[in-house]
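A.B. asks: Sequence first, then the predicted structure, then my questions.
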Protein chains: 2
Amino acid sequence: MFEKINAYALRCMPFQPDDLAYFDTLLQYKKQPRKTFLLQEGEVCQFEAYILKGCIRTYHIDQSGAEVTLQFAIEDWWVSDITSFQNQTPSLVYIETLEDCELLILTPENKEKLLATVPGFERMFRLMVQRNLAQLQERLFRTISTTAVEKYLDFLNRYPAIPQRVAQHYIASYLGFSPEFLSKVRKKLSAQ
Amino acid sequence: MFEKINAYALRCMPFQPDDLAYFDTLLQYKKQPRKTFLLQEGEVCQFEAYILKGCIRTYHIDQSGAEVTLQFAIEDWWVSDITSFQNQTPSLVYIETLEDCELLILTPENKEKLLATVPGFERMFRLMVQRNLAQLQERLFRTISTTAVEKYLDFLNRYPAIPQRVAQHYIASYLGFSPEFLSKVRKKLSAQ
DNA sequence: AATCATTTTTGACATGGGCCAAAGATAAGA
DNA sequence: TCTTATCTTTGGCCCATGTCAAAAATGATT
């Protein structure tokens, strides 16, 4: 059950076996059925979840009621609303399973214990946030300065596993255009 | 010279006077004239700079040669390319002064010393990154789902001090549209 | 297998915002 | 103060993308 997540940790930092063993004791295994929410807008996020199995989407609903997808996550990724989790403030986003999922959950209390006991984990979580920030920055640049075709091709390159698993209109909402238009983009691309 | 930055630190964490005194010894005062670069694309960022005086812009140049402004920063803000700084990897951005500036510089070595000596500063820098991440997320949502008029009004609200200090076309490049179009947006708004 | 719900595709039409070029306005530097 | 460079405004035209509505395809449930 814990091999994958331990390997993830080791890629961030050379932990000792007993550090990892302790880490594992703080994780709660949880099944979460398809099309259910791990978090809804307004709630305070009480988890960082490592995905053993399944596919999850984080999204925001804007004033006009449209969904904007912030992130897709699959096996070997973490999902959370880190802002809400850290500050214990109400979240702006929904976190929803797109498939039946198996997760390992880290609660705020257990994270605190972990960091107090094995400070090396600070590094792992810092790297995760930093990676997030860097990716988000690049995504902003792309959102502002590339065309729909470029955005879609870039998405396929960057996340080749996702299109096979999630409905196309979710990808449109990630890229920032309408599902109809994504369909037209795809038609255009396949015509060549 | 250090009152403002010490006050900044205290807003993040209740430091002891001698912690702050030590912090101050690690900061290098630096003048930087208007229209010069603190960092250029491809360089590795060797600073986090606290702005005592002046105005700074961080931007990226995309494939087609267009500038996308990532951030404006004025007095009592920090600027850096944190991704490049932490990983010591080449930066994707330019950091340029828009006015004559006075800065307090923290180098990677001094930051390391600081964190080793006063671990409480971890918190300050973590908060800074986190705030950054939260803001960037919200900005992405706005970039995707609001109109040009809404973006501009939101900018005025969020950063009322900026428009008085920076050229309008920089604001356009922050909001993601052409300078001509921003001018038309402003005309439309003033007509009402 | 049949039905119902959800997605995707298509086409017609509307529009927000880009691009270009020229004219005005402002600011910087000598 | 004058000159020159930079920035902003304006107008015209164009195209990328949105919206709406309907049809086709796919998937889920009984």
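C.D. replies: That came in fine, so what should we check first? Every value quoted in this text rests on a predicted model; they were computed, and no experiment measured them.
A.B. asks: Okay, now stretch A:82-100: how far is its last residue from its first?
C.D. replies: In terms of Cα to Cα, to the nearest Å, the two terminal residues of stretch A:82-100 are separated by 23 Å.
A.B. asks: near DNA strand D, which residues of chain A show up?
C.D. replies: Contact residues (Cβ under 7 Å from any atom of the strand) of chain A with DNA strand D: A:147-149, A:176-178, A:180-181, A:184-185. To be clear about C-beta, it is placed using only N, CA and C from the backbone, and glycine gets the same treatment.
A.B. asks: Between these, which sits nearest A:Glu96?
C.D. replies: Relative to A:Glu96, the closest of the residues of chain A next to DNA strand D is A:Gly176; by Cβ to Cβ it sits at 18.8 Å.
A.B. asks: My guess is the closest one contacts B:Ile144. True?
C.D. replies: Yes - applying Cβ atoms under 8 Å as the test, A:Gly176 and B:Ile144 come out as touching, 4.0 Å apart.
A.B. asks: Give the residues shared as contacts by these two.
C.D. replies: Both A:Gly176 and B:Ile144 are in contact with A:68, A:143, where contact means Cβ atoms under 8 Å, 6 or more residues apart in numbering or on different chains.
A.B. asks: what about A:Asn157, distance to chain B?
C.D. replies: Going from A:Asn157 to chain B by Cβ to the nearest Cβ, to the nearest Å gives 15 Å.
A.B. asks: ok, that residue - how many residues close by?
C.D. replies: A:Asn157 has 8 neighbours, counted by other Cβ atoms under 10 Å in any protein chain shown.
A.B. asks: Contacts (any at all) between chain B and the top helix by length along chain A?
C.D. replies: Across chain A, the longest stretch assigned as helix under DSSP state H is helix A:120-145. Yes - judged by Cβ under 8 Å from any Cβ of the partner chain, helix A:120-145 comes into contact with chain B through A:122, A:126, A:129-130, A:132-134, A:136-141, A:143-145.
A.B. asks: After that helix, which helix or strand is next?
C.D. replies: helix A:148-158 (DSSP states H and E).
A.B. asks: hmm, the helix or strand that that following helix is followed by in reach of chain B?
C.D. replies: For helix A:148-158, the following helix or strand on the C-terminal side (DSSP H and E) is helix A:168-175. No - Helix A:168-175 does not reach chain B (Cβ under 8 Å from any Cβ); its nearest approach is 8.7 Å.
A.B. asks: Against which helices or strands is the longest helix of chain A packed?
C.D. replies: Using 3 or more Cβ pairs under 8 Å, 6 or more residues apart in numbering or on different chains; DSSP states H and E as the contact test, the elements touching helix A:120-145 are helix A:3-12, helix A:108-117, helix A:148-158, strand B:67-73, helix B:82-87, helix B:120-145.
A.B. asks: Cool, thanks, talk later.
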